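1. Sequence first, then the predicted structure, then my questions.
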Amino acid sequence: MTKKIGIIGGGNVGSALNKGLTAAGYETRVSDETNVRDVAIGADVIILAVPFTAIDAVISSAGDAFDGKLIVDVTNTLDAKMGFAAQASSGAEELQKKLPRAKVTKAFNTVFAQHMSAGRLRGEALTAFVAGDDEAARNQVLKLAKDIGFDSLSAGPLANARHLEAFGYLNIQLGYVLGHGAMTGFQYIRST
Ligand SMILES: NC(=O)c1ccc[n+]([C@@H]2O[C@H](COP(=O)([O-])OP(=O)(O)OC[C@H]3O[C@@H](n4cnc5c(N)ncnc54)[C@H](OP(=O)(O)O)[C@@H]3O)[C@@H](O)[C@H]2O)c1
């Protein structure tokens, strides 16, 4: 089992994932803005649960503490006006370029924070899609998600974060613009 998980950002997402991972038996530590580097140094896996617009500040706070670590990027690529920060690649691929010695994965961004502590909605397991280029890292995050209670599914290489980020934005549109609310989520029905 992955032993130590550092969660950068203790807001809606960070606190929900902290609750779910703690319940699943993981050792976690949640950062505030003052101790990002300290939390990162002590962790095997680092979950980035901060606004997309804060990523550069977090990287700057961490210094080299993300080197060699498995990074789980939960951000939705929103600009300061909550619009989709569209780009040719994805926020996760750009993050990987900024952190070449880390193993970046994209996960949980298509799920509302309300369901991140249990991975379930009305008794049904929601699907947590995980994209990443490093297969072992991707498998570790798939296991984290499953241990929380999600149905976890590989979404393939990190380039597929482009689609997960668009999917996350669609989730926000459906929930908060088109009026379906946050007691909603996606389950990928399949036979294997
Ligand atoms: N909410 C959802 O349902 C949901 C679902 C999927 C993905 N996401 C994504 O997950 C991320 C977090 O969302 P959220 O709803 O948890 O946001 P949130 O409640 O606003 O929490 C953001 C957290 O990041 C911290 N933070 C901001 N700048 C920081 C910095 N420079 N260094 C360290 N910590 C910093 C904040 O600390 P302070 O409060 O001290 O500023 C806060 O604890 C976002 O990228 C969002 O798009 C959200």
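-> Sure, I can see it.

2. Please tell me how far the closest residue to residue 150 other than its chain neighbours sits from residue 135.
-> Once flanking residues are discounted, residue 150 sits nearest to residue 119: 3.4 Å by Cβ to Cβ, 6 or more residues apart in numbering. (Glycine included, C-beta is placed from N, CA and C.) Distance of residue 119 to residue 135, computed by Cβ to Cβ, to the nearest Å: 22 Å.

3. So between the two, which is more surrounded?
-> Neighbour comparison, residue 119 and residue 135: the larger count goes to residue 119, with 24 against 11 (by other Cβ atoms under 10 Å).

4. Enumerate every residue touching that one.
-> Residues near residue 119 by Cβ atoms under 8 Å, 6 or more residues apart in numbering: 20, 111, 125-126, 128, 145, 148-151.

5. ok, 7 Å please
-> Counting by Cβ atoms under 7 Å, 6 or more residues apart in numbering, residue 119 touches 20, 125-126, 128, 145, 148-150.

6. One more: residue 10?
-> Residue 10 neighbours (Cβ under 7 Å, 6+ apart): 30, 32.

7. Which strand or helix spans residue 146?
-> Taking DSSP states H and E as the criterion, residue 146 maps to helix 135-148.

8. I should have written residue 18 there, sorry.
-> Assigned by DSSP H and E, residue 18 falls within helix 12-23.

9. who does the following helix or strand past that helix touch, helix- and strand-wise?
-> Note on helix 12-23: by DSSP H and E, the next helix or strand toward the C-terminus is strand 27-31. The contact analysis (3 or more Cβ pairs under 7 Å, 6 or more residues apart in numbering; DSSP states H and E) places strand 27-31 against strand 4-8, helix 12-23.

10. same thing but at 8 Å, please
-> Here strand 27-31 touches strand 4-8, helix 12-23, helix 36-41, going by 3 or more Cβ pairs under 8 Å, 6 or more residues apart in numbering; DSSP states H and E.

11. Contacts only, for the residue most central in space within the chain.
-> Residue closest to the mean C-alpha point of the chain, counted by Cα atoms, centre = their mean, is residue 74 at 2.4 Å. By Cβ under 8 Å, 6+ apart, the contact set of residue 74 is 13, 17, 47-49, 107-109.

12. nearest residue to it other than its sequence neighbours?
-> Nearest non-adjacent residue to residue 74, counting by Cβ to Cβ, 6+ apart: residue 108, 4.6 Å away.

13. That neighbour and residue 37: what is the separation?
-> 23 Å.

14. what about the two, which has more around it?
-> residue 108 (33 against 17).

15. hang on, that one packs against residue 115?
-> No: the criterion here is Cβ atoms under 8 Å, and residue 108 misses it with residue 115 at 9.6 Å.
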